[in-house]
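Novice: Starting from these lines, generate the structure:
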Amino acid sequence: MATSALPQTLGALRKSAFTPALVGRSVKDELRDNLIARLRAAAKTKAPLFPGIVGYDDTVVPQIVNAVLSRHNFILLGLRGQAKSRILRALTTLLDPAIPYVAGSELRDNPYQPLSRFAKNLIAEQHDDTPIAWLSPIDRYIEKLATPDVTVADLIGDVDPIKAARSGQELGSELTMHYGLLPRANRGIFAINEVPDLAGKIQVALFNIMQEGDVQIKGYPVRLELDVAIVFSANPEDYTARGKIVTPLKDRIGSEIRTHYPESIEEGIAITEQEAWTARSYATFGSNPDNTVQAIEIPHYIRQVVEQIAFSAREDKKVDKRSGVSQRLPISTMELVVSNAERRALIHGESLVVPRIGDIYAALPGITGKIELEYEGEMKGADTVVREIIRTSVAGVFDSHFPDVNTQQIEQWFNLGGTVVLNDTQPSADSLAELKQIQGLFEKLAPFHITAKSKPELAVSAAEFLLEGMTAHKRISRSEERAFTAAEKKQRNVDASNFAERIREREFEDPKTRSRRGFN
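Specialist: Below is the predicted model of the structure:
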């Protein structure tokens, strides 16, 4: 609804459908009423309560619903990259499309029940001619990232000496106050991210205004009967183990809701597909439009490997569990994978962009920056750890697609001296010609519906996945230049490498064979 079609004065508002009872509902009642209506509609349409939130339908969302129905202030506890901020912002969808307030009021006063001295004086002077403005749901959401340097003035407010001097008011007058973020969130939702990072005295001021509605500013008691739904987010470790949260504030938070990472690869793929920028367009310039990229096609096994990297990293002992592995890791990785495939297609004038496993290795910068390592991992180095994780992920996805595949014919081709190089320096058609020399290779790609008529980009990607899976299982070898060769031979004889050690052990066990020479 356009705000121009809504009442613009208090008199017009009184005659409209925006009655004192409707406008005077508290924010928590408004959220509750609109949630009830949405639940009833969802029962018929099966539509999600919070579009864009994937994987929480049976876990987190029911708890949020219970908290809203209970009119609770609540906190989301979870590691980074678990959609906490997105969930909090999604609460705005439960607010009314528009609500009126006294124009010019810092506290966004209800015209029927003004809170600030400014609004009260304005209504007393202009009566029905008092100007009315309107708030959208987005205007009613205020978010603050908590940091140790946040002050009471930032959140609650402070005395403004300049305002006092210009108005001639006493410093203790309400009209000399400069309101902080929380009062300016009146009649809306106030979200604080990473609340344990707030200093203790700030947390005390926060819970005091939450519970009693009053606070002292520079020694002057100020009563602010604010109507605010306050929601928080925090890391579970900061909120519990380290004791960074003051007990009275924790006691006044109605519900603690735990978020989590995707519980399955398919859920993770859905999130990454939703968030990653992969639907790219291309402008055509010049007189030769044929030499441009026409489409991007991402094979499902590529999506699986990218997602499996995050799952494997979360379980890897060399990765810090306390920091977690954000869902932003597969999102950034997928964008870089597509970009590397895009670069290869543009260089060779190919019309179809198809990512390969090699592109995932090219996306290392998007992975190493998203994980924090334990001491063991730091000793090995981030690149080494990530390469091991990628190799493990490829092996797992390979086994899901080729559980009982017999690759002896392919291995034999390599054992007889065969070599194939798959990198970005040659077009897909040339790579395909090399791959066709490998006996029995393309017969194994039936699960991907690869035939002689398949596009070279798709065929090369599928073949490289198969070869990379064999490499992960050490059936063949691959160099850093992505040259696939026969598996590295073990030492001719493992016993020979330890020959001297075994001789010493034998002499020690059998006195008859022990050397008679004395010890120097």
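
Novice: Setting aside sequence neighbours, what's the nearest residue to Gly469?
Specialist: Of all residues not flanking Gly469 in the chain, Phe398 sits nearest, at 2.9 Å (Cβ to Cβ, 6 or more residues apart in numbering). Any C-beta I mention is one placed from the backbone N, CA and C, and that applies to glycine too.

Novice: and the one you found, what helix or strand is that in?
Specialist: Element membership of Phe398 [criterion: DSSP states H and E] is helix 382-401.

Novice: And that helix, what does it pack against?
Specialist: helix 300-315, helix 357-362, helix 365-368, helix 456-472 (3 or more Cβ pairs under 8 Å, 6 or more residues apart in numbering; DSSP states H and E).

Novice: quick one: contacts for Leu458?
Specialist: Leu458 is in contact with 297, 299, 352, 354, 448, 450, counting by Cβ atoms under 8 Å, 6 or more residues apart in numbering.

Novice: Let's have those residues in TSV, adding pLDDT and neighbour count.
Specialist: Converted to TSV, the contacts of Leu458 look like this (pLDDT from 0 to 100; neighbours: other Cβ atoms under 10 Å):
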residue	pLDDT	neighbour count
Glu297	94	14
Pro299	96	17
Leu352	92	16
Val354	96	25
Phe448	92	19
Ile450	89	21
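
Novice: So which of these are in strands?
Specialist: Mapping the contacts of Leu458 onto strands (DSSP state E) picks out Leu352.

Novice: which of the contacts of Leu458 sit farthest apart?
Specialist: Greatest spatial distance among those (Cβ to Cβ): Leu352 and Phe448, at 15.3 Å.

Novice: Give me the contact list for the helix holding Phe398.
Specialist: 301, 304-305, 308-309, 311-313, 316, 318-319, 357, 360-361, 364, 367-368, 371, 373, 377, 447-448, 465-466, 468-473.

Novice: Repeat that for stretch 136-155.
Specialist: Residues from elsewhere that reach stretch 136-155 (Cβ under 8 Å, 6+ apart): 27, 85, 88-89, 91-93, 95-99, 158, 178, 180-182, 184-185, 187-199, 201-202, 205-206, 215, 217.

Novice: Pull out the buried residues from those.
Specialist: Buried subset of these (neighbour count, 16 or more other Cβ atoms under 10 Å): 27, 88-89, 91-92, 95-96, 98-99, 158, 180-182, 184-185, 187-199, 202, 205-206, 215, 217.

Novice: These in strands, which ones?
Specialist: Secondary structure assignment by DSSP E places 99, 158, 188-193, 215, 217 of the buried ones among the contacts of stretch 136-155 in strands.

Novice: By pLDDT, give me the weakest of those.
Specialist: Across these, the member with the lowest pLDDT is Val215, scoring 60.

Novice: Report how many residues lie close to Lys474.
Specialist: A total of 11 residues lie near Lys474 under the criterion other Cβ atoms under 10 Å.

Novice: My guess is it contacts Ala486. True?
Specialist: No. Using Cβ atoms under 8 Å, Lys474 is not in contact with Ala486, being 11.2 Å away.

Novice: quick one: the closest residue to Ile230 other than its chain neighbours and Asp109, what's the gap?
Specialist: Nearest residue to Ile230, sequence neighbours excluded (Cβ to Cβ, 6+ apart): Asn73, at 4.6 Å. Using Cβ to Cβ, to the nearest Å, Asn73 is found at 22 Å from Asp109.

Novice: who has more neighbours, the two?
Specialist: Counted by other Cβ under 10 Å, Asn73 and Asp109 do not tie: Asp109 has more neighbours, with 23 against 18.

Novice: Got phi/psi on the more buried one?
Specialist: With angles defined as degrees, to the nearest 10, Asp109 sits at phi -60, psi 140.

Novice: Could you report the pLDDT at the residue nearest to it when sequence neighbours are not counted?
Specialist: Ranked by Cβ to Cβ, 6+ apart and with sequence neighbours excluded, the top spatial neighbour of Asp109 is Ala119, at 3.8 Å. Looking at Ala119, its pLDDT is 92.

Novice: Helix or strand for Ala119, just tell me which one.
Specialist: Here Ala119, judged by DSSP H and E, is contained in helix 117-126.

Novice: what do you get for Thr278?
Specialist: Using DSSP H and E, Thr278 is not contained in any helix or strand.

Novice: Now do the closest residue to it other than its chain neighbours: how many residues are near it, please.
Specialist: Nearest non-adjacent residue to Thr278, counting by Cβ to Cβ, 6+ apart: Val338, 5.1 Å away. Val338 has 23 neighbours, counted by other Cβ under 10 Å.
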